[in-house]
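In: below are the sequence and a predicted model; questions follow.
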Amino acid sequence: MKELSGRFIIYGAGAIGSVFGGMLTRGGHRVELVGRPDHMKAAQKEGLFIEGLLGDHVIHPSGMWTSLEKIPGDPPVRAIFICVKSNDTAFAVRDLAGSGLVSPETQVVSLQNGLGNLEKIRKVFGPEVSLGGRVIFGAETKGPGRVFVSVWADNVLIGGPSSEEGAARGEELAGILSRCGIQTRFTGDIESALWVKVLYNVGLNPLSSLLEVPYGVLGEEENARFLLEESIREAFRVASRETDTGFADEESYLDHFFTKLLPATRSHHSSMLQDMKKGRDTEVDAITGEVVRRGLKYGIPTPVNGVLLDLVNGKTGIRKKESKGK
């Protein structure tokens, strides 16, 4: 057993959150999960099952909760990982702020899709303990208490603090995660990394949800590929107004996307599709919606993303009505 380096809380222990919480637990750390009742009950009774690319493990976290209310305040919390859907970020931040679990030393890390999450966290907890995370591996819930890591495109990136002390603690946290089996690097420019993740998600998530196919199919069918390319081109033009993506132009990014990223995740099914099938709200507004809104701000046309946004929200609304009628 490794020496403990503080306590960790996973707020929103779905597929991704369970992987982080499980691997930290396996690394010898005290970890408490906050998630849906059926998932927490199963993990508490039988253990948390993690299968797939990070190995097959049965893990028993220190605590499994459905809310923050009963979580003890001691010992101090080293870091809290927010893994809820982007549309729940504002609630999560308020919930954590009122819980008494976040000390001035606690790092609060967003491991979420889309844009705007880190800004909400910074507004409440301050820039030096607020970190953004770029997660570009795929995990799926296979039932209560069971998650499957299906794809791994690149290492996790975390970053945000600008001071030397904040950056040093961020690097330390990245090291903890890496030693627990989730290869992670600290970056001084997390905003660019988050935008590049949006470039990855902006076409894949809506199209794979609407067509109900894994990612790889979108690159193989002519019409789907055209929409995928156009959505990415629009997003790249918007991103270039806000950050340095690290790519010379949209064509160089598309080459990287189709030769490196898509092959590594070709069998993955979007979490957006999983939410849609369950009649839940999706994260399309934090991904595609942000591209459309920021495009309007800069006068950059985003017609394909606008249509995808409306179609996903339309299909989600229909599925929600259907699920209520059952």
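Out: Received it, and whenever you're ready, just let me know what you need. Residues are numbered from 1 along each chain as shown.
In: residue 67 is in contact with residue 99, correct?
Out: No - the criterion here is CB atoms under 8 Å, and residue 99 misses it with residue 67 at 9.3 Å. Every C-beta, even on glycine, is put in place using the N, C-alpha and C of the backbone.
In: those two: which is more packed in?
Out: Shown here are residue 99 and residue 67; by other CB atoms under 10 Å, residue 99 has more neighbours (17 against 10).
In: could you look up the SS state of the closest residue to that one other than its chain neighbours?
Out: Nearest-residue entry for residue 99: residue 68, 4.3 Å, with adjacent residues in sequence omitted and distances by CB to CB, 6 or more residues apart in numbering. Using DSSP: H, G, I helix; E, B strand; the rest coil, the secondary structure recorded for residue 68 is coil.
In: what's the local residue count around residue 68?
Out: Neighbour tally, residue 68, other CB under 10 Å: 18.
In: quick one, domains of the chain?
Out: 7-188, 192-320 (automatic domain parsing).
In: next, format these as a markdown table and append mean pLDDT.
Out: Listed next are the domains of the chain as a markdown table, based on pLDDT from 0 to 100:
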| stretch | mean pLDDT |
| --- | --- |
| domain 7-188 | 94 |
| domain 192-320 | 94 |
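In: CA atoms only: put whichever strand or helix holds residue 311 into CSV for me.
Out: Following DSSP states H and E, the helix or strand that holds residue 311 is helix 303-325. Extracted C-alpha coordinates of helix 303-325, given in CSV (Å, rounded to 0.1, in the frame of the first residue of the first chain):
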residue,chain,number,x,y,z
PRO,A,303,-24.2,27.0,-39.8
VAL,A,304,-23.4,23.2,-39.5
ASN,A,305,-22.9,23.5,-35.8
GLY,A,306,-26.1,25.5,-35.5
VAL,A,307,-28.1,22.7,-37.2
LEU,A,308,-26.4,20.0,-35.1
LEU,A,309,-27.2,21.9,-32.0
ASP,A,310,-30.9,22.1,-32.8
LEU,A,311,-31.1,18.5,-33.9
VAL,A,312,-29.5,17.2,-30.7
ASN,A,313,-31.7,19.3,-28.5
GLY,A,314,-34.7,18.3,-30.6
LYS,A,315,-34.0,14.6,-30.3
THR,A,316,-33.2,14.9,-26.6
GLY,A,317,-36.5,16.7,-26.0
ILE,A,318,-38.4,13.9,-27.9
ARG,A,319,-36.6,11.2,-25.9
LYS,A,320,-37.3,12.9,-22.6
LYS,A,321,-41.0,13.1,-23.4
GLU,A,322,-41.0,9.4,-24.4
SER,A,323,-39.3,8.4,-21.2
LYS,A,324,-41.8,10.3,-19.1
GLY,A,325,-44.7,8.6,-21.0
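In: now do the buried residues in that helix.
Out: 304, 305, 306, 308, 309, 311, 312, 313, 315, 316, 319 (16 or more other CB atoms under 10 Å).
In: same question, stretch 41-54
Out: Across stretch 41-54, burial judged by 16+ other CB under 10 Å covers 42, 43, 44, 47, 48, 49, 50, 51, 52, 54.
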